[in-house]
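1. My questions are about this predicted structure, shown below with the sequence.
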Amino acid sequence: MKAWLEELKARLQVLRWVLSLGVMFVSVWLLVRELDWVQVLGALQTANYTWVAVGVLAIVGTFFARVWRWQALLWRTNLRFWPALTALLVGQVANMILPMRGGDLVRAMWVRPERGAEPDRDAHDVPPAAGASEALGSVALEKVWDMLALLICAILLLALAPLPDWFSSSTWSTAGILIVGSLVLWAGLRWQDVLFRWAAIILARFPAGWDKALLPRMQRLANGLNSLQSAQASGRVFLWTMVTWGLGAASNWAVMRAFGVNLPVAAVFLLAALMVGNAVVPTPARLGVYEGICVVSLGLFDVSYDLALAIGLVLHLVVMGPPLIAAGLLVLAFQLTRRAYGSSHSS
């Protein structure tokens with residue numbers, strides 16, 4: 001039975017890769033076939049790349065805002081800044097490659113404490129280190145906060161610009177899902193002791209060892225959601241979520257300004273569209289789909305398809321380049337520090 005499940009899992013993973021690659025190739029083919037690449041190259045040559053540099057700085061700013069948000073989510077643990085930043089960027093890079101947001105799992109595993117690691121100070125003075133389960137729970141909660149930010153952006157856009165009916169209907173659908181999900185999450189945290197007692201009773205009926213193996217992990221996973229029970233922690237999470245989204249919109253706007261397009265509302269709309277589109281249709285490195293979303297989204301604001309593709313190509317590099325470079329440098333620094341630490345203790 002176990003071998004059959006492993007084989008099924010492997011086949012599903014291959015199928016996801018095939019579908020993702022298929023979507024990527026179709027998207028690229030449509031872009032190549034329909035657009036005037038002479039116009040695209042002309043737009044790339046005449047762009048003001050000083051504004052592109054501003055967009056890069058805004059993306060780098062999101063790294064810090066997201067780490068501070070993550071620390072607020074795990075406010076009861078000792079999540080240090082630089083390991084958290086490294087984990088965040090490594091996970092972001094992994095999400096470009098792995099299907100089904102596998103980078104989130106990589107990110108959670110990166111911050112788990114090493115076995116045998118001892119705190120530098122007395123255990124009573126130091127909060128517990130963030131484990132993989134707590135980190136994974138906090139990453140899941142991040143998605144709820146991002147959905148709230150998406151809803152706020154959508155309502156703001158509806159108030160500022162005439163948008164298609166499908167956008168309005170999807171906004172209210174998102175609001176309904178968020179309200180129901182938040183109520184379920186609140187109820188689960190409110191009565192988690194009762195739920196865990198029932199879980200223990202149910203798991204006790206399974207083969208020996210399941211309750212001891214799964215229940216502690218489930219409890220640590222729930223610990224990653226506990227920031228919702230603190231008004232101060234939730235306020236900090238909300239603040240850094242808004243800062244993260246604001247910097248993302250600023251990056252879009254700066255890259256658009258590089259091509260002579262000064263449409264702040266379009267920059268916010270593009271941010272929301274890219275978040276939803278890349279989550280629904282994941283492709284390796286978001287190739288093809290990312291540019292296609294830019295073309296369609298900016299087309300709603302009367303930006304020509306050729307110019308929109310040029311903006312999308314540069315924006316894709318602005319969004320993907322800094323995490324790749326920063327993750328590589330931080331991982332290298334981490335390995336060098338770890339090696340030096342090991343050498344000093346062995347001697």
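-> Okay, I see it. Numbers count the residues shown, from 1 in each chain.
2. Could you check how far T244 is from F238?
-> 11 Å (Cβ to Cβ, to the nearest Å). Glycine gets a C-beta too; all of them are placed from N, C-alpha and C.
3. Overlap of the contact sets of the two?
-> Common neighbours of T244 and F238 are not found (criterion: Cβ atoms under 8 Å, 6 or more residues apart in numbering).
4. more neighbours, those two?
-> More neighbours surround T244 than the other of T244 and F238, with 22 against 15 (other Cβ atoms under 10 Å).
5. who does the helix or strand hosting the more buried one touch, helix- and strand-wise?
-> Taking DSSP states H and E as the definition, T244 sits inside helix 231-258. On a contact count with 3 or more Cβ pairs under 8 Å, 6 or more residues apart in numbering; DSSP states H and E, helix 231-258 meets helix 49-73, helix 132-160, helix 264-280, helix 305-346.
6. Give me the buried stretch members for the first one, please.
-> Looking back up the chat, that one is helix 49-73. Judged by neighbour count using 16 or more other Cβ atoms under 10 Å, the buried positions of helix 49-73 are 51-52, 54-56, 58-59, 61-73.
7. picking up where we left off before, what about the helices and strands packed on helix 231-258, which gets the closest to V40?
-> Ranking the helices and strands packed on helix 231-258 by proximity to V40 (Cβ to Cβ) places helix 305-346 first, at 5.0 Å.
8. Would you mind getting the angle between that closest one and helix 49-73?
-> 50 degrees (axes from the mean of the first three to the mean of the last three Cα atoms, to 10 degrees).
9. elements contacting helix 305-346?
-> Going by 3+ Cβ pairs under 8 Å, 6+ apart, helix 305-346 lies up against helix 37-46, helix 49-73, helix 81-97, helix 231-258, helix 289-299.
10. what distance separates it from the centre of its chain?
-> Computed by Cα atoms, centre = their mean, to the nearest Å, the chain-centroid distance of helix 305-346 equals 15 Å.
11. what inclination does it have with respect to helix 289-299?
-> Using the same axes, to 10 degrees: helix 305-346 against helix 289-299 is 140 degrees.
12. Quick one: mean pLDDT over helix 305-346.
-> In this model, helix 305-346 has a mean pLDDT of 84.
13. Likewise for stretch 162-172?
-> The model assigns stretch 162-172 a mean pLDDT of 82.
14. got the contact list for it?
-> 151, 154-155, 157-158, 269, 300.
15. Just put the residues you listed in a markdown table and tack on distance to T77.
-> Shown next, in a markdown table, are those (distance: Cβ to Cβ, whole Å):
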| residue | distance to T77 |
| --- | --- |
| L151 | 28 |
| A154 | 33 |
| I155 | 33 |
| L157 | 36 |
| L158 | 38 |
| F269 | 36 |
| L300 | 43 |
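16. What remains of the residues you listed if I keep only buried residues?
-> Buried subset of the contacts of stretch 162-172 (neighbour count, 16+ other Cβ under 10 Å): 151, 154, 157, 269, 300.
17. tell me the least confident of those residues?
-> For those, the least confident entry is L300, with 88.
18. and it, what is it in contact with?
-> If you count contacts by Cβ under 8 Å, 6+ apart, then L300 has 163-164, 266, 269 around it.
19. which two in these are spaced the farthest apart?
-> Based on Cβ to Cβ, the longest span within these runs between P164 and A266 and measures 14.0 Å.
20. which ones are touching the spatially closest residue to L73 that is not a sequence neighbour?
-> Residue nearest to L73 in three dimensions, not counting chain neighbours: S138, with 4.1 Å by Cβ to Cβ, 6 or more residues apart in numbering. By Cβ under 8 Å, 6+ apart, the contact list for S138 reads 70, 73-74, 130, 224-225, 227.
21. Out of these, who's the most crowded?
-> For the contacts of S138, the largest number of neighbours (other Cβ under 10 Å) sits with L73, at 30 neighbours.
22. need the contact list for that one.
-> Counting by Cβ under 8 Å, 6+ apart, L73 touches 138, 141-142, 224, 227, 233, 237.
23. got any ranges where the stretch 51-200 of the chain has weak pLDDT?
-> 99-100, 112-130 (pLDDT under 70).
24. Between P164 and A266, point out the one with more neighbours.
-> The neighbour count for P164 versus A266, taken as other Cβ under 10 Å, is higher for A266 (25 against 9).
25. ok, that one touching V303?
-> Yes: with contact defined as Cβ atoms under 8 Å, A266 counts as touching V303 (7.2 Å).
26. Quick one: neighbours of R205, just the number.
-> Neighbour count of R205, defined by other Cβ under 10 Å: 8.
27. Can you list the buried residues in stretch 295-308?
-> Applying 16+ other Cβ under 10 Å to stretch 295-308 flags 295, 297-298, 300-301, 303-308 as buried.
28. ugh, wrong one, I meant stretch 288-297
-> Applying 16+ other Cβ under 10 Å to stretch 288-297 flags 288-295, 297 as buried.
29. Stretch 313-330 now?
-> By neighbour count on 16+ other Cβ under 10 Å, the buried set for stretch 313-330 is 313-316, 318-320, 322-323, 326-327, 330.
30. Could you dump those into CSV and include distance to V90?
-> Converted to CSV, those look like this (distance: Cβ to Cβ, whole Å):
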residue, distance to V90
L313, 25
V314, 25
L315, 22
H316, 20
V318, 20
V319, 16
M320, 14
P322, 14
P323, 9
A326, 10
A327, 5
L330, 8
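31. hang on, isn't G224 packed against L74?
-> Yes: with contact defined as Cβ under 8 Å, G224 counts as touching L74 (6.7 Å).
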